[in-house]
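Engineer: give me coordinates for this.
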Amino acid sequence: MKKPSAKRPTRQPSATAPGGPAGIAIRAARLADLQQIAALDATITGVSKRDYWKALIERTSRPRQQEGFFLLAEGTSARGPAVLGFIEGEIRAWEFGSAPCGWVYVLSVHPDARVQGLGQLLLDALTAAFRRAGVRRMRTMVLRNNRLVMQFFRAAGMMAGPYLELEKEIE
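Structural biologist: Numbering: from 1, shown residues only. Just a heads-up that it's a prediction; the model follows:
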């Protein structure tokens, strides 16, 4: 993959999310968050993917990683800091003739923390990271029948793009 000719984005320190719910910080995910990330994902999807999340955190936290971002929304609970949601995205360039753009690969918010603006805060933080990296377009894929996710991204201003996903069952 040819690298985008964009300037390396600076990693943002943990900070309270402006305009969001009080006590919420958006920050880069780290290996110490693995247990909470995997547990939140399993709660939502019903599938345990600890190794997947570990590899993703390791890949996006490398000092030289220029294109990947794994951010989380952290609040406090009786037990201390709690991961309430996370988003992962990556800058991809030149696949299928597409100029560099940001891809949102996963966005997940704990069911008890939804409809409070956390998803939008995470999407805004990832959008800002893409913007700092020099890309001006963002894409994602959504299951056609997942109305909740479709409505979220549509409300965030995303719409059908110029590409059509095709697939084939491999037997």
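
Engineer: for residue 109, phi and psi?
Structural biologist: Taking degrees, to the nearest 10, you get phi -130, psi 140 for the backbone angles of residue 109.

Engineer: could you tell me how far it is located from residue 85?
Structural biologist: Taking Cβ to Cβ, to the nearest Å as the measure, residue 109 falls 4 Å from residue 85. No exception for glycine: its C-beta is placed from N, CA and C like everyone else's.

Engineer: same check on residue 159?
Structural biologist: Distance from residue 159 to residue 85, counting by Cβ to Cβ: 23 Å.

Engineer: for stretch 42-53, list every residue counted as buried.
Structural biologist: Buried residues in stretch 42-53, counted by 16 or more other Cβ atoms under 10 Å: residue 53.

Engineer: quick one: mean pLDDT over it.
Structural biologist: For stretch 42-53, the mean per-residue pLDDT is 93.

Engineer: CA atoms of it as PDB?
Structural biologist: Written as PDB, here are the backbone C-alpha positions of stretch 42-53 (Å, rounded to 0.1, in the frame of the first residue of the first chain):
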ATOM      1  CA  ALA A  42     -18.400  -9.700  23.900                       C
ATOM      2  CA  THR A  43     -21.400  -8.100  25.600                       C
ATOM      3  CA  ILE A  44     -22.500  -6.500  22.300                       C
ATOM      4  CA  THR A  45     -21.600  -9.200  19.800                       C
ATOM      5  CA  GLY A  46     -21.800 -12.300  21.900                       C
ATOM      6  CA  VAL A  47     -18.400 -13.400  20.500                       C
ATOM      7  CA  SER A  48     -15.200 -13.400  22.500                       C
ATOM      8  CA  LYS A  49     -12.300 -12.000  20.300                       C
ATOM      9  CA  ARG A  50      -9.600 -11.200  22.900                       C
ATOM     10  CA  ASP A  51      -6.700 -12.000  20.500                       C
ATOM     11  CA  TYR A  52      -8.200  -9.900  17.800                       C
ATOM     12  CA  TRP A  53      -8.400  -6.800  20.100                       C
END
